[in-house]
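Enquirer: Generate coordinates for the sequence data below:
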Amino acid sequence: MKMLRFYEVGFLVACDGGTGGGSGGGGGSGRGVGTTWTLRIPGFGALNSVTYGNGRFVAVGWNDAILTSPDGVDWTARASGTDNPLNGVAYGNGTFVAVGEGGTILTSPDGVDWTARASGTSNNLIGVAYGNGLFVAVGDGGTILTSPDGVNWTAQTSGTSRWLWGVAYGNGLFVAVGDGGTILTSPDGVNWTARISGTDNPLNGVAYGNGTFVAVGYGGTILTSPDGVDWKARASGTSNNLIGVAYGNGLFVAVGWYGTILTSPDGVNWTQQTSLTSDILSGAAYANGLFVAVGYGGTILTSPDGVDWTARALGMSVWLRGVAYGNNTFVAVGDGGTILTSPDGVDWTARASGTDNPLNGVAYGNGLFVAVGDGGTILTSPDGVDWTARISGTDNPLNGVAYGNGTFVAVGYVGTILTSPDGVDWKARASGTSNNLIGVAYGNGLFVAVGSHPDPLSFASVILTSPDGVTWTAQTSGTTDELSGVTYGNGLFVAVGRGGTILTSSDGVTWTAETSGTGNRLNGVAYGNNTFVAVGYDGTILTSPDGVNWTERTSPTSKPLYGVAYGNGLFVAVGDDGAILTSP
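Expert: Got it, this is the predicted structure:
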């Protein structure tokens, strides 16, 4: 588990549509609930670069991510208009320029509204800088492009076929760095000269400050030069790969793998700092008295001095696998022991779980949250904030948990079923099956557990029912598709699974196949506001007023969604790369 501090976390995106999944309560009324969906946390694998201009920070990354912030603390997701990963961003002459895979170039006057520009190349573009009235973008195969305005681009001859990873401007000179220790310099962005770096290590980033160029690279490589021509190796004190470097307030800050952060007042003497993350940090910038570092999993760190750092964003590329509502709080759980809480589905805070094991399911009952996961992990919390590990008595992965009739029931692999009256003391129950159990729900005096055969090629589904969680009976599902989730609402059990499977039953015994209208796997289902919501792969979101007639909703994400819950007039769906959606 990454031990990070998180404050006031919340991503908003101007995007309407529909997607969701999981299990949750019922009743209530509300217009558009389950129909129109908003992406609250986009879910992205990495942020690659960050810059500052026009009163705001702009960070770009994988999954076409663009985030902006006026202060480095509160970040807002923006629509990029491209599906391509973005690798670099710079600001100059009143314009932001972002570059990425497949020759992608985007421009924006404010970091909010972006326009695609013709680059004239399909090569990946990795870095971009502004200086002397000119944007310079660099990329694979020695690609160098220049533009006076970010709109019209001209290819230049670099003299190398090596990948170029970074570029900077200072003291009247552009400096580009890349594979094999490549260093190129140019006074105008047009005519480039190769320089001797003295290293064969890939160089990933370069910055200028205090009369010095600093280039960083693999194996902890740090080089400095007063003029971009003559370079000298410096001792970094680390063998970790360094990816980015920035200068501000009299200090160089270099970032890299395993959350590495190094600082130096002169580029010569370097000190390692505590970063609060083990994720790869890819880029850094300085403005308005603040350093901002960005990296994998959407990590964003800030520091006023390069020494003391605070995590500002969720910083995770983990799958969120389950979500529940109780005690006026949403709780989402996922890989690496991730636990997030929110009072409203919009602003999320990471909590310390005390485990690195993946958490697969969560439920609320009798004043207690219970989360379950791999290795037989069971955690409990009265508020979603402070969590206590409990002894489950099994090492089998636990996939789902539900509360009903004064009893918690947890289900897992190899037919594992555990029960507890209080979430603290757990007892194994005979399920009568060795099949994997994935989801469980309670309704109408009955627990229903669903799952599949351990061999995915066996094409067998499982449904078990129990009035008390102790004695279980196998039921006939009528399908060979794996079942992944189940809920109860309005007198009806609804189970979902592979191939868009949806089954309904009024008693848990007799099941009827319904037409879902999708072939995508459905992972979670919930009931609330007189509506069933099912979620699944490719961002699939389906809704139904009765469990029989289903409508596919427009989803603001194509990421797999694994869980959905209802509470306080709101559906919340969670999924891959930390994606979180709400409706309405």
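
Enquirer: For the residue sitting furthest away from the middle of the chain, give me the pLDDT.
Expert: Ranked by distance from the centre of the chain (C-alpha atoms, centre = their mean), the top residue is Asp230, with 41.4 Å. Model confidence at Asp230, expressed as pLDDT, equals 98.

Enquirer: again, but for Met3
Expert: 26.

Enquirer: tell me, how many neighbours does the nearest residue to Gly131 once chain neighbours are set aside end up with?
Expert: Closest residue to Gly131 apart from its sequence neighbours, by C-beta to C-beta, 6 or more residues apart in numbering: Tyr169 at 2.6 Å. C-beta coordinates here come from the backbone N, C-alpha and C atoms, glycine included. When neighbours are counted by other C-beta atoms under 10 Å, Tyr169 registers 22.

Enquirer: Could you tell me how far whichever strand or helix holds Tyr169 lies from the centre of the chain?
Expert: In this assignment (DSSP states H and E), Tyr169 forms part of strand 164-170. Centroid displacement of strand 164-170 relative to its chain, using C-alpha atoms, centre = their mean, to the nearest Å, is 28 Å.

Enquirer: what's next to that strand, contact-wise?
Expert: 88, 126-132, 136-140, 142-144, 158, 174-179, 182, 184, 202-209, 213, 215, 244 (C-beta atoms under 8 Å, 6 or more residues apart in numbering).

Enquirer: For Trp472, give me its contacts.
Expert: Ile417, Arg429, Ala430, Ser431, Gly432, Ala449, Leu464, Thr465, Ser466.

Enquirer: Gly172 now?
Expert: Asn132, Pro187.

Enquirer: Where does the prediction get shaky in the chain?
Expert: 1-32, 41-45, 313-317, 456-459 (pLDDT under 70).

Enquirer: how does the protein divide up, domain by domain?
Expert: What automatic domain parsing lists as the domains of the chain is 45-311, 320-583.

Enquirer: mind checking the end-to-end distance for stretch 48-57?
Expert: 13 Å (C-alpha to C-alpha, to the nearest Å).

Enquirer: Mind jotting down where the strands sit in the stretch 401-550 of the chain?
Expert: 407-412, 417-420, 427-429, 436-443, 446-452, 461-466, 473-475, 483-489, 492-497, 502-505, 512-514, 522-528, 531-536, 541-544 (DSSP state E, counting those that start in this stretch).

Enquirer: Can I get those strands in CSV including mean neighbour count and distance to Phe57?
Expert: Converted to CSV, those look like this (neighbours: other C-beta atoms under 10 Å; distance: least, C-beta to C-beta, whole Å):
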stretch, mean neighbour count, distance to Phe57
strand 407-412, 28, 43
strand 417-420, 22, 47
strand 427-429, 15, 52
strand 436-443, 26, 41
strand 446-452, 27, 46
strand 461-466, 22, 49
strand 473-475, 15, 55
strand 483-489, 28, 39
strand 492-497, 27, 41
strand 502-505, 22, 44
strand 512-514, 15, 48
strand 522-528, 30, 35
strand 531-536, 30, 32
strand 541-544, 25, 32
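
Enquirer: if we can go back for a sec, closest one to Leu39 among the domains of the chain?
Expert: Counting by C-beta to C-beta, Leu39 lies closest to domain 320-583 out of the domains of the chain; the figure is 4.1 Å.

Enquirer: got the buried residues for stretch 324-336?
Expert: The neighbour-count check on stretch 324-336 (16 or more other C-beta atoms under 10 Å) flags Ala324, Tyr325, Gly326, Thr329, Phe330, Val331, Ala332, Val333, Gly334, Asp335, Gly336 as buried.

Enquirer: need the contact list for the fifth one.
Expert: Contacts for Phe330 (C-beta under 8 Å, 6+ apart) come out as Val323, Ala324, Thr341, Ser342, Pro343, Asp344, Gly345, Ala565, Gly567, Val572.

Enquirer: Show me the two of those residues that sit farthest apart.
Expert: Maximum distance among the contacts of Phe330 (C-beta to C-beta): 15.1 Å, for Ala324 and Asp344.

Enquirer: returning to what we had before: next, work out how far apart the residue nearest to Gly131 and Thr36 are.
Expert: Distance check for Tyr169 against Thr36: by C-beta to C-beta, to the nearest Å, it reads 45 Å.

Enquirer: start to end distance for stretch 293-309?
Expert: First-to-last residue span, stretch 293-309, C-alpha to C-alpha: 9 Å.

Enquirer: should've said stretch 393-411
Expert: Termini of stretch 393-411 sit 13 Å apart (C-alpha to C-alpha).

Enquirer: residues of that stretch that come out buried?
Expert: Those would be 394, 396-404, 407-411, for stretch 393-411 by 16+ other C-beta under 10 Å.

Enquirer: Also stretch 568-581?
Expert: Per 16+ other C-beta under 10 Å, stretch 568-581 contains these buried residues: Leu570, Phe571, Val572, Ala573, Val574, Gly575, Asp576, Asp577, Gly578, Ala579, Ile580, Leu581.

Enquirer: Filter these down to the ones in strands?
Expert: Judged by DSSP state E, strands contain the following of the buried residues of stretch 568-581: Leu570, Phe571, Val572, Ala573, Val574, Gly575, Ile580, Leu581.

Enquirer: Out of those, which is nearest to Gly298?
Expert: When these are compared for distance to Gly298 (C-beta to C-beta), Ile580 comes out closest, at 11.8 Å.

Enquirer: which ones are touching the closest one?
Expert: Taking C-beta under 8 Å, 6+ apart as the test, what Ile580 contacts is Leu39, Arg40, Ile41, Gly43, Leu320, Ala332, Leu340, Gly345, Trp348, Val572, Ala573, Val574.

Enquirer: and it, what are its bridge partners?
Expert: Ile41, Val574 (DSSP bridges).

Enquirer: follow-up on the earlier one: show me which pair in the contacts of Trp472 is furthest apart.
Expert: Ala430 and Thr465 (14.2 Å).

Enquirer: Quick one, which of the contacts of strand 164-170 are buried?
Expert: 88, 126-131, 136-140, 142-144, 158, 174-179, 182, 184, 202-209, 213, 215, 244.

Enquirer: Distance-wise, check Asp243 relative to Arg162.
Expert: Actually, residue 243 is Ile. It isn't Asp. 17 Å.

Enquirer: can you check Ala90 too?
Expert: In terms of C-beta to C-beta, Ala90 sits 21 Å off from Arg162.

Enquirer: go on, Thr221?
Expert: Taking C-beta to C-beta, one finds Thr221 at 15 Å from Arg162.

Enquirer: so Val323 is in which element?
Expert: strand 320-326.

Enquirer: Can I get the helix or strand that contains Val89 as CSV, trimmed to CA atoms?
Expert: Under the criterion of DSSP H and E, Val89 resides in strand 86-92. Below are the C-alpha coordinates for strand 86-92, written out as CSV (Å, rounded to 0.1, in the frame of the first residue of the first chain):
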residue,chain,number,x,y,z
LEU,A,86,0.1,12.9,-24.0
ASN,A,87,3.8,13.0,-23.1
GLY,A,88,4.8,16.7,-22.8
VAL,A,89,3.4,20.2,-22.3
ALA,A,90,4.8,23.7,-22.4
TYR,A,91,3.6,27.3,-22.3
GLY,A,92,4.7,30.3,-24.3
